[in-house]
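> predicted coordinates and the sequence they were generated for:
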Amino acid sequence: MGLNRRAFVLGGHITPFIGKHNPDFIWKRHPDFGKRENPTLEETITAAVIGALESTGTAAELIDKAWIGNFAGELFSSQGHLGAAVVGAHPGLMYKPIMRVEGACASGGLAYASALESIQAGADINLVVGAEVQTTVSARTGGDYLARASHYARQREIDDFTFPALFASRMKAYLQAYDDVTEADIGYFAKKAYDNANKNPLAHMKAVQMSLENAQAASDRNPNFLSNPELSPWLKMSDCSQVSDGGAAMILVSEEGLRKLGKTEADAIEILALDYAAGNLYQDADPLVMDTTAAAAGRAYAQAGITPGDVQVAEVHDCFTIAEALMYEALGFADKGKAVNLVKDGVTAIDGRLPVNTGGGLVGFGHPVGATGVKQVMEIYRQMKGQCGDYQMPSTPNVGLTANMGGSDKTVVVSVLKNLG
Ligand code: CAA
């Protein structure tokens, strides 16, 4: 989308992402089990909204419009109609124009895109929310719910864990196509994700250590868990993003919105470009490429007037380790079949030339699906404003990119962001 009005991310809030293996997640062996419960979807939305309003000093009454990205509240929490749920976060939002958008795991990215389009149409101060609570059911039942983001009638039966299986098939194709890339090479993606998450207090996997050896081969501690015998050998637990609960929210403003809030460009980061693309849900993708990602990215680069070489920090949708590899290639960071070199050589490490997923990505930070696309933008904001604590990049980045994906490369939102001071 070409921008006719300048637009900025003024800041926002990310709640802790929690779930199994996180010390703050309440389950039957947690000392607080029976005494307190994990935040509900309602509480997660409220925490994200209030955090974003407070951290940016935005009065709820000044919000022009709001969007919430959520994939499957009806299934995980028996709750839909989430536009009106946002109003529940603050009385100042009463009767505001607010809607929920859905695009599978790109729901948050689409909420962001919608808010930007509304700024292009004249709004000045918009609220963007993303939230998902998924731990209300077992991972296996959750796998069925998440399978609604695939072509359910045709792809559900691949495995109980449909999405892990869809990406196992990409892993299989990739490792078979490129003889010089091994399962052990892919392990570097998981190792980076967990190392970064270990430095991030908000990350789902903040307390789980992952050795390179563990990430590189299946074992009792890191099993192949699919039941589909053709796909099972190609995916381990460590290759997967997490079943997480969490939310994120941010304030998008026009130049006039900055003025209304008494802020300057130095308080914000600018959205240089944003585009989104949809592929055909009913067709099998080429497992070796992410064409929908490439389409959205190509348009976003053109609008921003930059090339992949100009990107200094990126948040890419690593729902599985192989997805991070394919994203590097679709975004033009690496040639086809060469993505592993970037992670093995440390190029995409926090202190590398192009840090990717500095807070741990979907594998380490976690993946509350509707929140992810909003969290990615906030992570770029936080790196650009020096707010990342132990995982802060050594030099402040000026140009950042986000790539949020729904399904197996079926809905993709790419944006380019610039630091203004
Ligand atoms: N040996 C063999 N099998 C084992 C095992 C072992 N040691 N341990 C576990 N398993 C198997 C079991 O079959 C188990 O299922 P049951 O308990 O129901 O029998 C299964 O693995 C899962 O085990 P757990 O429930 O103990 O594992 P978990 O809760 O830690 O979950 C995970 C691990 C299954 C990998 C889970 O984290 C997961 O599903 N991750 C992926 C989430 C996902 O797909 N998100 C969407 C990404 S796709 C996207 O982003 C785009 C979009 O639009 C959807």
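Received, thanks.

> so what's residue 346 up against?
Contacts for residue 346 (C-beta atoms under 8 Å, 6 or more residues apart in numbering) come out as residue 352. Every residue, glycine included, has its C-beta placed from N, CA and C.

> helix, strand or coil for it?
Using DSSP: H, G, I helix; E, B strand; the rest coil, the three-state assignment for residue 346 comes out as coil.

> got it, and the one 3 residues further on?
The three-state label given to residue 349 by three-state DSSP is coil.

> flag the shaky bits of the chain, pLDDT-wise.
Within the chain, the stretches with pLDDT under 70 are 1.

> just the strands in it please.
Counting by DSSP state E, the chain has strands at residues 7-14, 65-69, 98-101, 125-132, 246-254, 269-278, 313-316, 399-406, 411-419.

> so which of these is nearest residue 175?
strand 313-316 (19.8 Å; C-beta to C-beta).

> who are the packing partners of that closest one?
Applying 3 or more C-beta pairs under 8 Å, 6 or more residues apart in numbering; DSSP states H and E, we find strand 313-316 packed against helix 321-330, helix 369-384, strand 399-406.

> hmm, who's touching the first one?
Residues outside helix 321-330 that contact it (C-beta under 8 Å, 6+ apart) are 167, 170-171, 174, 186-187, 189-190, 193, 238-239, 288-291, 293-294, 297, 316-318, 334-340, 342-343, 348, 356-357, 361, 363, 403, 405, 409.

> run a quick neighbour tally on the closest residue to residue 194 other than its chain neighbours.
Leaving aside its chain neighbours, residue 194 sits nearest to residue 210 (3.5 Å; criterion: C-beta to C-beta, 6 or more residues apart in numbering). Per other C-beta atoms under 10 Å, the neighbour tally for residue 210 reads 21.

> same question, residue 117
Counted with other C-beta under 10 Å, residue 117 comes out at 16.

> before we move on, what about residue 113?
Neighbourhood size, residue 113 [other C-beta under 10 Å]: 25.

> quick one: residue 301 and residue 273 touch, right?
Yes: in this structure residue 301 lies within contact range of residue 273 using C-beta atoms under 8 Å: 7.5 Å.

> how much space is there between residue 199 and the ligand?
Going from residue 199 to the ligand by C-beta to the nearest ligand atom, to the nearest Å gives 21 Å.

> just checking, that residue touches residue 390?
Yes: the pair residue 199 / residue 390 is scored as a contact, 4.0 Å apart, by C-beta under 8 Å.

> more crowded one of those two?
Higher neighbour count among residue 199 and residue 390: residue 199, with 18 against 10, using other C-beta under 10 Å.

> just list the residues touching that one, thanks.
In this structure, residue 199 makes contact with 350, 389, 390, 391, judged by C-beta under 8 Å, 6+ apart.

> again, only this time at 10 Å
Residues in contact with residue 199 (C-beta atoms under 10 Å, 6 or more residues apart in numbering) are 206, 350, 358, 359, 360, 364, 388, 389, 390, 391, 392.
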